[in-house]
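Participant: This is a predicted model, with the sequence first.
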Amino acid sequence: MTAIIDAHNLHRWYGHGDNAYHAVRGVDLTVDEGEVFALLGTNGAGKTSTLDLLEGLATPDDGTVAVFGLDPVNDRRAVRPDVGIMLQSGGLPAELTVVETLEMWRGTCSHPTTVDDVLEKVRLADRADVRVGSLSGGEQRRVDLACALLGRPRLLFLDEPTTGLDPESRRATWTLLADLKSEGVTMVLTTHYLDEAEALADRIAIMHAGAVSREGTLRDIVDAHPSSITFDAPPVALPEFSGMQTEAGRVEIRTFSLQRDLHKLLTWADVADVHLTGLAARAASLESVFLDIAGETTLATTGADR
């Protein structure tokens, strides 16, 4: 596998002295050619700051980034023609029509495709002559995506690409991204929608407090996390389970053998004639991993995600 992005020991601070904010703390990331890599993060995790470093929009205070084997800041002229970037907010001129906006953007690309091509891909051909400022928020996001695709990128950065989209448009965007992947386009995706990461990503990294807390395929991440069985504490002694704790009248059993321990619990309850109220069994999922990471006690962070 050829590494399209290779980042080692990335650090980024905001400010100086005692009030400096350490947003990125020793991040290592590798993204292989043709891969969809999802970068997720809890509030204040530092994923947007990390993305800025990978995109070459900022220089790391420490560590190295290579994109196509080159420095995305110092070698920007060589790197940029093959990179498409969809920012969280495009900030496109509201007065221009969609087609005028794309023609303007097309003029900045080294080897662009046609405006008609990207309009068809993002399903905006029927809105070509509408002013950008008159579009819905979701339609404006699709214009942002069209701009990112105009240069026929080998590497595509997508920062919250489906925010504001209706369910149908969201699914259509997923299909488009899957098509791009089949064409060999490498993608780095940030999203707050965990189902989006599950559907699209080959590998996932979850950031928390400026560092990567978990990384791997969806299966790797989920299999390394326990399932849970919860129920109201009964008025009798329970059998022993590893990973069992009681808090505020609720019992939780965290287990890597959900079927076995659930069977053991239900068999005991049946024999002891105990009714387990509020019983719930939940297999490990990306959501449960994410919520556990969000609840971890780590170095304090402030503000929204940077």
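Facilitator: It's in.
Participant: When you work out contacts or count neighbours from here on, use the C-alpha atoms and nothing else.
Facilitator: Fine.
Participant: G46: neighbouring residues, count only.
Facilitator: By the measure other Cα atoms under 10 Å, the count of residues near G46 is 28.
Participant: V212 is in contact with that one, correct?
Facilitator: No: using Cα atoms under 8 Å, G46 is not in contact with V212, being 9.5 Å away.
Participant: Tell me who's in contact with T277.
Facilitator: 231-232 (Cα atoms under 8 Å, 6 or more residues apart in numbering).
Participant: Surely it forms part of a helix?
Facilitator: No: assigned with DSSP: H, G, I helix; E, B strand; the rest coil, T277 falls outside any helix and is coil.
Participant: Report pLDDT for it.
Facilitator: What the model reports for T277 is a pLDDT of 97.
Participant: On the three-state scheme, the closest residue to G41 other than its chain neighbours is what?
Facilitator: The shortest distance from G41 to any non-neighbouring residue, by Cα to Cα, 6 or more residues apart in numbering, is to M207 (4.5 Å). For M207, the assignment made with three-state DSSP gives strand.
Participant: What number of residues are in the vicinity of M207?
Facilitator: M207: 26 neighbours (other Cα under 10 Å).
Participant: distance of it from S49?
Facilitator: Separation of M207 from S49 (Cα to Cα, to the nearest Å): 11 Å.
Participant: just A248 next, same as before
Facilitator: Counting by Cα to Cα - A248 and S49 are separated by 39 Å.
Participant: Which of the two has more residues huddled nearby?
Facilitator: Using other Cα under 10 Å as the criterion, A248 and S49 rank with S49 on top: 22 against 7.
Participant: name the element that one belongs to?
Facilitator: helix 47-55 (DSSP states H and E).
Participant: got a list of contacts for that helix?
Facilitator: Residues from elsewhere that reach helix 47-55, judged by Cα under 8 Å, 6+ apart: 5, 7, 10, 12, 23-24, 39-41, 58-60, 65, 67, 72, 85, 157, 207, 210, 305-306.
Participant: how about a cut-off of 7 Å?
Facilitator: Residues outside helix 47-55 that contact it (Cα atoms under 7 Å, 6 or more residues apart in numbering): 23-24, 39-41, 58-60, 65, 72, 207, 305-306.
Participant: Same check on stretch 120-128?
Facilitator: 97-99, 119, 142, 146, 176.
Participant: With distance to C109 and neighbour count as extra columns, can I get those residues in TSV?
Facilitator: Below are these laid out as TSV (distance: Cα to Cα, whole Å; neighbours: other Cα atoms under 10 Å):
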residue	distance to C109	neighbour count
T97	19	19
V98	17	29
V99	15	21
L119	16	24
R142	18	26
A146	13	25
L176	21	14
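Participant: Which one of these is nearest to R76?
Facilitator: Of all these, A146 has the smallest distance to R76: 21.7 Å, by Cα to Cα.
Participant: Give me the distance between the closest one and V115.
Facilitator: 8 Å.
Participant: before we move on, back to that, so for the helix holding S49, mean pLDDT?
Facilitator: pLDDT averaged over helix 47-55 gives 94.
Participant: gap between that helix and the chain center?
Facilitator: Offset of helix 47-55 from its chain centre (Cα atoms, centre = their mean, to the nearest Å): 12 Å.
Participant: got it, and stretch 19-35?
Facilitator: Using Cα atoms, centre = their mean, the offset of stretch 19-35 from its chain centre is 13 Å.
Participant: Repeat that for stretch 127-137.
Facilitator: Its chain's average C-alpha position is 27 Å from that of stretch 127-137, according to Cα atoms, centre = their mean.
Participant: residues making contact with stretch 174-185?
Facilitator: 34, 121, 154-155.
Participant: which regions of the stretch 51-200 of the chain sit below the pLDDT cut-off?
Facilitator: Scanning the stretch 51-200 of the chain for pLDDT under 70 picks out 90.
Participant: State the pLDDT value of A237.
Facilitator: A237 carries a pLDDT value of 95.
Participant: all strands of the stretch 151-300 of the chain, in order?
Facilitator: Secondary structure of the stretch 151-300 of the chain by DSSP state E, counting those that start in this stretch: the strands cover 155-159, 186-190, 203-208, 211-216, 227-232, 244-247, 250-255, 280-282.
Participant: which one of these lies closest to S169?
Facilitator: strand 155-159 (15.8 Å).
Participant: Report the inter-axis angle for the closest one versus helix 47-55.
Facilitator: 160 degrees (axes from the mean of the first three to the mean of the last three Cα atoms, to 10 degrees).
Participant: Now do strand 155-159: everything it contacts.
Facilitator: Contacts for strand 155-159 (Cα under 7 Å, 6+ apart): 82-88, 185-191.
Participant: hang on, the earlier thing: right, and the strands of the stretch 151-300 of the chain - which one's nearest S134?
Facilitator: Closest to S134 of these, according to Cα to Cα: strand 155-159, at 22.7 Å.
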